[in-house]
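Asker: let's see this in three dimensions:
(one chain, ligands or ions: 1)
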Amino acid sequence: MTNLHIVEDQKRAAAEAALEYIKPGMKLGLGTGSTAEHFVRALSIRVQAGLKIVAVATSERTAELARELGIEVAELGAVRHLDLTIDGADEIGPGLNLIKGGGGALLREKIVASASDRMIVIADGAKVVETLGRFPLPVEIVPFAYSITMERIAEAVARSGCAQNLMHLRGGEGHAFKTDGGNYIADCSAQTIPDPERLARALEGIPGVVDHGLFISLASLALVGTQSGVKVIELARR
Ligand code: 5RP
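Answerer: Coordinates of the predicted model:
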């Protein structure tokens, strides 16, 4: 079995383990990315067997997949409040603080997670880290004067004690990737983020930054696929 297959199996196992937390009648947030897609597929089998839930998607891509598979998808503005969101992550650090946004959906993912009573993260084992930052931190920025915004982000990252602050416009100049909201993503390679709260606050103060991929105190449980089964990491209830 190749490494790619092992990782995919871990993602699928974590996604399937999340089904245990789904109850009839729940309003559910559906994440974005390959692990979240495994969850949507597993959930759709339950829905086809009669489970009644209403879902809100964190991206157009997830909404399309869910609808194709027969899951009812509603707008968050209409549903307003969710019982549970199941989503993937790029890194899971101490305290279940996360880096998200590798798939470019961080803004909707954060809005949906923060409208939920509970967020459960599903991931393969390689996503668990001792210190956040090896995965480049995605920061969603408005296209207007994006190069100035990126310089300010680099300064904020340096001031927040990170090991480095290499910036990259996702997609590159002239081909910039656009989010579902029509914004750009600046990926910041920080290597280590010793104080995620401090960096989050610094980024939130920069005009032109729409949001960032640091998810602080949003997740309360992680289901992590490993070679010896799905590991549950749970925070004390807040
Ligand atoms: C998308 C995300 C994803 O959850 C993250 O990128 C993990 O993706 P995958 O499950 O494909 O490894 O934050 O914006």
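Asker: and residue 161, what does it touch?
Answerer: 194-195, 198 (C-beta atoms under 8 Å, 6 or more residues apart in numbering). From N, CA and C alone the C-beta is placed, and that goes for glycine too.
Asker: make JSON lines out of those residues and add distance to the ligand.
Answerer: Formatted as JSON lines, the contacts of residue 161 follow (distance: C-beta to the nearest ligand atom, whole Å):
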{"residue": "194", "distance to the ligand": "22"}
{"residue": "195", "distance to the ligand": "21"}
{"residue": "198", "distance to the ligand": "22"}
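Asker: out of those residues, list just those in helices.
Answerer: Among the contacts of residue 161, DSSP state H puts residue 198 in helices.
Asker: distance of residue 146 from residue 103?
Answerer: 20 Å (C-beta to C-beta, to the nearest Å).
Asker: for residue 151, that is, sorry about that
Answerer: 26 Å.
Asker: between those two, who's got more neighbours?
Answerer: residue 103 (22 against 13; other C-beta atoms under 10 Å).
Asker: ok, stretch 23-33 near the ligand or not?
Answerer: Yes: applying C-beta under 6 Å from any ligand atom, one finds stretch 23-33 in contact with the ligand at 31-33.
Asker: turn the contacts of residue 161 into a markdown table, including distance to residue 116 and neighbour count.
Answerer: Listed next are the contacts of residue 161 as a markdown table, based on distance: C-beta to C-beta, whole Å; neighbours: other C-beta atoms under 10 Å:
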| residue | distance to residue 116 | neighbour count |
| --- | --- | --- |
| 194 | 28 | 14 |
| 195 | 26 | 13 |
| 198 | 25 | 15 |
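Asker: rebuild the contacts of residue 161 as TSV, extending it with pLDDT.
Answerer: As requested, the contacts of residue 161 are arranged in TSV below (pLDDT from 0 to 100):
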residue	pLDDT
194	97
195	98
198	98
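Asker: buried set for the helix or strand containing residue 43?
Answerer: Using DSSP states H and E, the element containing residue 43 is helix 34-48. Within helix 34-48, the residues that count as buried by 16 or more other C-beta atoms under 10 Å are 35-40, 42-44, 47.
Asker: those: which ones sit near the ligand?
Answerer: 35-36.
Asker: for the ligand, state which of the buried residues of helix 34-48 is nearest.
Answerer: Checking the buried residues of helix 34-48 against the ligand by C-beta to the nearest ligand atom gives residue 35 as the nearest, at 3.3 Å.
Asker: residues touching that closest one, list them.
Answerer: 11, 14-15, 88, 122-124.
Asker: for the residue lying closest to it once chain neighbours are set aside, give me its contacts.
Answerer: Nearest non-adjacent residue to residue 35, counting by C-beta to C-beta, 6 or more residues apart in numbering: residue 88, 3.7 Å away. Neighbour list for residue 88: 11, 31-36, 100, 103, 121-123 [criterion: C-beta under 8 Å, 6+ apart].
Asker: what about the strands in the chain?
Answerer: 27-30, 54-57, 82-87, 91-92, 98-99, 116-124, 137-141, 166-169, 184-189, 209-212, 214-215, 221-226, 229-234 (DSSP state E).
Asker: wait, residue 183 sits on residue 144?
Answerer: No: Residue 183 lies out of contact with residue 144 (C-beta atoms under 8 Å); the separation is 10.0 Å.
Asker: neighbour count for these two, which is higher?
Answerer: Higher neighbour count among residue 183 and residue 144: residue 183, with 23 against 11, using other C-beta under 10 Å.
Asker: center of this protein - which residue?
Answerer: Closest to where the C-alpha atoms of the chain average out (C-alpha atoms, centre = their mean) is residue 100, at 3.9 Å.
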